[in-house]
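# sequence plus the predicted model coming up.
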Amino acid sequence: MKEKQKKLPENFDSFTVNLLKEAETVEGYLSPNEMRFLALLAACPTADGDVLEIGSFKGRSTIILSKAAALADADAKIHAVDPMTAPSETDPDLRGAETSLTDFQKNIKAHGVADRIEFHQTFSYKLAETWTRPIRFLWIDGDHTYKGTKLDFDGFAPHLSDGAIVAIHDVLHEFDGGIRVYMEDILLSPNFGAGGFCGSIGWAQFHGDERAGWQFREEKLELYRRLSRLVPHVVFKKELKGLEKKIYKLKRSRVPRGAVNPADWLRTVK
Ligand SMILES: C[S@@+](CC[C@H](N)C(=O)[O-])C[C@H]1O[C@@H](n2cnc3c(N)ncnc32)[C@H](O)[C@@H]1O
C-alpha cells in the first residue's frame with residue numbers, strides 16, 4: 001500500500017509554473033487555475049489506486065496528470081480513455097480531422113510522458129464493462145451530456161477507493177451532464193464529504209463509510225441550492241443567448257469557484 005501524500009511535494013509551486021507553461025502549448029480548454037488544481041489532485045493522493053482520465057482530446061490534462069502523479073510515485077502510470085473521434089455533441093470541434101489521436105500521441109511524446117500513460121482508445125462506458133482496478137482519482141471530462149456523464153459516474157464509482165477524489169469538468173458550463181451528476185450523485189450522496197469548485201471543475205471526496213462525510217452536509221446542501229438555480233437554464237437547451245445568458249452568469253457568480261489554495265485543500269480532505 002502506498003503512503004497517502006498529505007503534504008505538498010517539495011517545490012510544488014515552481015513545478016506547477018513550469019507544468020502550466022508546457023500544458024499551455026497543447027490545445028485544450030482548462031484555465032490556469034483548473035490546471036493547477038488538477039496537478040494538486042494528481043500529486044497528492046488521498047487514497048490508494050489509479051488515476052483515470054475520461055476524455056483526453058489532445059492531451060492537455062493527460063500531460064498534467066501524468067507529470068503531477070509522478071511527484072507522488074515515480075513509477076506511476078495514469079489511465080486515459082477516449083475514442084478520439086469527438087463523438088458527443090458537447091465535444092470540441094476537430095475542424096475537419098477525423099481523429100485527435102495523432103495530435104494526442106505527438107503531444108504526450110513531445111512532453112516526455114508517453115510511457116506514463118496507459119491509453120484506452122474506446123468509449124468510457126465500454127472500458128467500464130471490464131474495469132477492475134481501484135481508483136484514487138477519477139477525472140471526468142468526456143461526454144458532457146447528462147446520459148454520458150451519468151454513464152461515466154455509474155460505470156466507475158463502484159471502483160472508487162475509500163478517500164478517492166472525483167472531479168468533473170464543465171459543471172459550470174452550459175451543459176446539463178456535469179451539473180446534474182454533481183448535484184444528484186455527489187452532493188446528495190452521504191458517501192461524499194469535502195468538495196467544491198475550482199473554476200468549472202466540481203470535485204468531492206468519496207468515503208466508503210457514510211459517517212465520514214456527515215460533517216460536510218450543510219456545505220453540500222448550500223452548494224446544491226446555488227447550483228439548483230442554474231439547472232433550469234441548462235436542461236433542454238442547446239445554447240444560452242442574450243438576457244438568459246446574463247441571468248445564468250449572474251446566478252453562477254454565487255457559486256464559489258476561485259483558485260484553490262493547496263495547503264487549505266490538504267487540510268480539508270481526509
Ligand atoms: C473536452 S474534451 C477533453 C479535454 C481534455 N481533458 C483536455 O484537457 O484538453 C472531450 C473529449 O471527450 C471525448 N469523449 C466523448 N465521449 C466520450 C466517451 N463516451 N468516452 C470517452 N471519451 C469521450 C472526446 O473524444 C473528446 O476528446
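On my side now, so go ahead.
# what lines up beside the longest strand belonging to the chain in the sheet?
Longest strand of the chain, by residue count under DSSP state E: strand 160-168. Take DSSP bridges as the rule and strand 160-168 pairs in its sheet with strand 135-140 (parallel), strand 201-206 (antiparallel).
# what does the last one rub up against?
For strand 201-206, the surrounding residues in contact (CB atoms under 8 Å, 6 or more residues apart in numbering) are 34, 37-38, 41, 46, 157, 160-169, 171-172, 178-179, 182, 186-187, 191-197, 213, 269-270. Yep, even glycine has a C-beta here, placed from its N, CA and C like the rest.
# just how off-centre is that strand within its chain?
Centre-to-centre, strand 201-206 and its host chain are 8 Å apart (CA atoms, centre = their mean, to the nearest Å).
# following that strand, which helix or strand comes up?
Per DSSP states H and E, strand 201-206 leads on to helix 217-228 as the next helix or strand towards the C-terminus.
# which strands or helices does the next helix or strand along the chain from that following helix pack on?
Proceeding C-terminally, helix 217-228 gives way to helix 231-234 as the next helix or strand, assigned by DSSP H and E. Counting contacts by 3 or more CB pairs under 8 Å, 6 or more residues apart in numbering; DSSP states H and E, helix 231-234 is packed against helix 177-181, helix 242-252.
# around the ligand, pick out the residues from the stretch 1-150 of the chain.
Residues of the stretch 1-150 of the chain lying near the ligand by CB under 6 Å from any ligand atom: 28-30, 54-58, 60-61, 81-88, 91-92, 100, 123-125, 141-143, 148.
# go again with 8 Å.
26-30, 53-62, 64, 81-88, 90-92, 100, 122-127, 139, 141-144, 148 (CB under 8 Å from any ligand atom).
# please indicate which of these are buried?
26, 28, 30, 53-62, 64, 81-84, 86, 88, 90-91, 100, 123-125, 127, 139, 141-144, 148 (16 or more other CB atoms under 10 Å).
# so which of the residues you listed sit within helices?
Those of these mapping onto helices are Arg60, Ser61, Thr62, Ile64, Ser124, Tyr125, Leu127, Gly148, per DSSP state H.
# quick check: the fourth one vs Asp152, distance?
What it means is Ile64. 19 Å (CB to CB, to the nearest Å).
# just the first one next, same as before
Using CB to CB, one obtains 19 Å as the distance from Arg60 to Asp152.
# again, but for the fifth one
From Ser124 across to Asp152, the span is 5 Å (CB to CB).
# overlap in contacts of those two?
In contact with both Ser124 and Asp152: Ile54, Gly142, Asp143, using CB under 8 Å, 6+ apart.
# kindly indicate which of the residues you listed lies nearest Pro134.
Ile54 (16.3 Å; CB to CB).
# avg pLDDT for the helix or strand harbouring Lys106?
Lys106 belongs to helix 101-110 when assigned by DSSP H and E. The predicted model assigns helix 101-110 a mean pLDDT of 98.
# what's the helix or strand that that helix is followed by in contact with?
The helix or strand immediately downstream of helix 101-110 is strand 117-120, counting by DSSP H and E. With contacts defined as CB under 8 Å, 6+ apart, strand 117-120 is touched by Ser56, Thr62, Ser66, Lys77, Ile78, His79, Ala80, Val81, Asp82, Phe104, Ile108, Leu127.
# so for the closest residue to Arg136 other than its chain neighbours, what's the pLDDT?
Excluding its sequence neighbours, the residue lying closest to Arg136 (CB to CB, 6 or more residues apart in numbering) is Gly49, at 3.8 Å. On the pLDDT scale, Gly49 is placed at 98.
# OK, contacts around Gly49?
Going by CB under 8 Å, 6+ apart, the list of residues near Gly49 reads Arg133, Pro134, Ile135, Arg136, Phe137, His159, Leu160, Ser161, Ala164.
# Arg254 too?
Arg254 neighbours (CB under 8 Å, 6+ apart): Arg226, Arg229.
# let's verify it: helix, strand, or coil?
Put simply, Arg254 is coil when judged by DSSP: H, G, I helix; E, B strand; the rest coil.
# could you pull up phi and psi at it?
phi -90, psi 0 (degrees, to the nearest 10).
# what's the answer for the one 4 residues further on, then?
In this entry, Gly258 is assigned phi and psi values of phi -80, psi -170 (degrees, to the nearest 10).
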